[in-house]
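In: Fold the following.
(chains A and B)
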Amino acid sequence: MRNTFRPLTLYAALFMIFLYGPVLMIPLFSFNDSLFATFPLKGFTLKHYGTMAANTGMLAALQNSILVAVCSSLIATAIGLMAAIALTRNKLPGNSIILAAFSLPLIVPSIVFGVAILIIMLKFLGIPLSLWTVGAAHVFICIPFSMTVLMSRLEGFDKSLEEASRDLGESAWMTFYRVTLPLALPGVISSLLLCFITSFDEFVLAFFLAGTDPTLPVYLFGQLRFPNKLPGMLALGTSILMLSTILVLLAEFFRKRGVQTNIPGDA
Amino acid sequence: MMRHTEKSAWMAGYTLLTPAFLVMAVMMVAPLLALLALSFWTQNGFEIDRTPTLANYWTIIEPSDEPFFWMGIPFPFKYPPPAVLMLKSIVVSLVATVLVILLAYPMAYFLAFRIKRNKTLWLVLLTIPFWTSYLLRVFSWKIVLGYNGAINSALKSMGLIDQPLEFLLYNPAAVAITLAHAWIAFTVLPIYVSLEKIDPSLLEAATDLGDTKWRRFLRVTLPLSAPGTIGAAMLVFIPTVGDYVTPMLVGGPGGTMIGNLIQELFLRQNNAPLGAAVAIMMMLVIGALVAFFFWAIGFRKLRSRVS
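Out: Residues are numbered from 1 along each chain as shown, chains lettered A, B, ... in the order given. Below you'll find the model as predicted:
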């Protein structure tokens, strides 16, 4: 039985090649000693990374992206945590409608939000485009991710722990601080990381809302027009892919961690 | 201590939801209303004329006696781009969606029924592309399919071709393949979840009652996983109709879609009101198509069988 040929296993392998193959061309050619992304490979080099690191425009964009991603992931996670507690702890009337409404940012084509937020900022509110407008848009698209991660975390542990805390006379705030937050902490970290990646990699909304200060994806997109910039952009793309992968792995690690070891004073 | 009444629990719940509601109101509801309002105004040079009018919508559907032909299909409109690009976007997205489902379903099946060990590893491997940069995933196809790209240079260095194949990049097929690749990570996991939920005893019952493997799949597994699969298909189809990044990078002049028109109207041609009307029209068309699809397949009945 074990040695029989399994077509589905072969398919799964091919699927993984399809999924990862094209993207892995970016790191492959970023180490290739050539100005073009072509076979045959010419030899190993790190000089494209040097070109990238010396690029001041890139560094400014990187700084912008980190700033926006840190702020929007913190705000989105805080808001997402409150919403997740509300939706898991109380059977609110209209629960499913609320959840559906919050998932809209993931379904409606991003260009619609891109232009809609653009015009409300510029033509209705008179707010000039800046990293703030990008950040606000990123908080908006990160909330559904944050809520999903945190809701599954909060559903995963026993509600009676919180009830016990309340029955023993803790206030609502202290119950949150001493019971809910420590239990939800791995989910909170996971949410922070995933929101950070979402914001850091987000292109469509940033493209419409960034004004004169580009975020990293917007900067990268602008450079793709110039063929002579390709090697540096391959190095930049590789760095971005590596950062995202590391953060996803960390987020997955925290999301899957057991509940029991995380209660302070449990012993 | 007093027990909380249900009502005060609701109050506390809604209070906690307030910040999230506020963000949704400011970043989603208000902008969409603004977009709707703008679509009834007109661009007058650099000024916006705020007299409510249906002029933009009329521009989109205004008939003309001399139809514009695209792929042999007549479009009897004075300003055909919205109609032509809308149809093209729907076709390209539909192709991409079908491709995604056909490719993702067997993978999800494999994950749900064949993987016994290292399941977490597989799940993580399928999750990583979901979170990595959409822009880079699309861009990678430009490297793969380009005139001086990976496929062409590889074939050339192997001596299989003399001239680079030009048909690889800059056409609707390249857009559909790239879209399928960029969105496939979003579908394997939802389909997997719907397969995982199937009660094994139902499968055993089918076998015990004499169904072959294939018949069992068609009569039990497929129908029970249909709602999850259809949901996953919607998650691909709806956002990709409006995608403009992929057409811009790999579509070329012949591969443009409705999202590119909206972006052009807003950023280049300085006709935001018409752009707003095209965006609203796009959402209405997608909404109508999705509603019609759900009605046609009897989605409610399909779902009620599962739960």
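
In: Residue 121: neighbour count?
Out: You didn't say which chain, so I picked chain A. A count of nearby residues for residue A:121, using other C-beta atoms under 10 Å in any protein chain shown, gives 23. Any C-beta I mention is one placed from the backbone N, CA and C, and that applies to glycine too.

In: oops, I was thinking of chain B
Out: Applying other C-beta under 10 Å, we find 10 other residues in the vicinity of residue B:121.

In: That one belongs to a helix, doesn't it?
Out: Yes - under DSSP: H, G, I helix; E, B strand; the rest coil, residue B:121 falls within a helix.

In: Surely residue B:279 and residue A:112 touch.
Out: Yes - using C-beta atoms under 8 Å, residue B:279 makes contact with residue A:112 at a distance of 5.4 Å.

In: Now do the shared contacts for those two.
Out: Listed as contacting both residue B:279 and residue A:112 by C-beta atoms under 8 Å, 6 or more residues apart in numbering or on different chains are B:35, B:242.

In: So for those two, which sits in the more crowded spot?
Out: residue B:279 (29 against 24).

In: can you tell me the helix or strand for the more buried one?
Out: Using DSSP states H and E, residue B:279 sits within helix B:272-297.

In: Which other helices and strands does that helix contact?
Out: Applying 3 or more C-beta pairs under 8 Å, 6 or more residues apart in numbering or on different chains; DSSP states H and E, one finds that helix B:272-297 contacts helix A:110-119, helix B:30-39, strand B:42-44, helix B:55-61, helix B:81-109, helix B:222-241, helix B:258-263.

In: what about that helix, average pLDDT?
Out: For helix B:272-297, mean pLDDT is 94.

In: Let me see the confidence value for the spatially closest residue to residue B:105 that is not a sequence neighbour.
Out: Spatial nearest neighbour of residue B:105, excluding adjacent residues (C-beta to C-beta, 6 or more residues apart in numbering or on different chains): residue B:191 at 5.9 Å. pLDDT recorded at residue B:191 is 94.

In: same thing with residue A:219?
Out: Residue A:219 is assigned a pLDDT of 94 by the prediction.

In: And the one 5 residues further on, by the same measure?
Out: At residue A:224, the pLDDT value in this model is 88.

In: Show the backbone phi and psi for it.
Out: Note on residue A:224: backbone dihedrals following degrees, to the nearest 10 are phi -60, psi -20.

In: OK, contacts around it?
Out: Contacts for residue A:224 (C-beta under 8 Å, 6+ apart) come out as A:230, A:233, B:139, B:142, B:249.

In: Name the helix or strand for the first one, please.
Out: Put plainly, it is residue A:230. Going by DSSP H and E, residue A:230 is part of helix A:230-256.

In: Return the residues in contact with residue 99.
Out: Since no chain was named, I'll use chain A. residue A:87.

In: hmm, I had chain B in mind actually
Out: Contacts of residue B:99 (C-beta under 8 Å, 6+ apart): B:176-177, B:180.

In: is chain A contacted by stretch B:125-145?
Out: Yes - legend: contact between stretch B:125-145 and chain A by C-beta under 8 Å from any C-beta of the partner chain is shown at B:125-129, B:131-137, B:139-144.

In: For that stretch, what is the distance to the chain centroid?
Out: 16 Å (C-alpha atoms, centre = their mean, to the nearest Å).

In: Return the residues of the stretch 151-267 of chain A in contact with chain B.
Out: Counting by C-beta under 8 Å from any C-beta, the stretch 151-267 of chain A comes close to chain B at A:166-167, A:169, A:172, A:194, A:197-198, A:201, A:203-204, A:208, A:217, A:220-221, A:224, A:237, A:240-241, A:244-245, A:247-249, A:252, A:256.

In: Can you select the buried ones among those residues for me in ChimeraX?
Out: Listed next is the ChimeraX selection for buried residues among these, using 16 or more other C-beta atoms under 10 Å in any protein chain shown:
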select /A:166,194,197,198,201,203,204,208,217,220,221,224,237,240,241,244,247,248,252
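
In: Tell me which stretches of the stretch 101-250 of chain A form helices.
Out: A:104-107, A:110-119, A:131-155, A:160-167, A:172-175, A:181-201, A:204-209, A:216-223, A:230-256 (DSSP state H, counting those that start in this stretch).

In: can I assume residue B:65 sits in a strand?
Out: Yes - per three-state DSSP, residue B:65 lies within a strand segment.

In: Please name the nearest non-neighbouring residue to whatever residue of the stretch 1-150 of chain A ends up closest to chain B.
Out: The stretch 1-150 of chain A approaches chain B most closely through residue A:109 (2.5 Å), counting by C-beta to the nearest C-beta. Nearest non-adjacent residue to residue A:109, counting by C-beta to C-beta, 6+ apart: residue B:242, 2.5 Å away.
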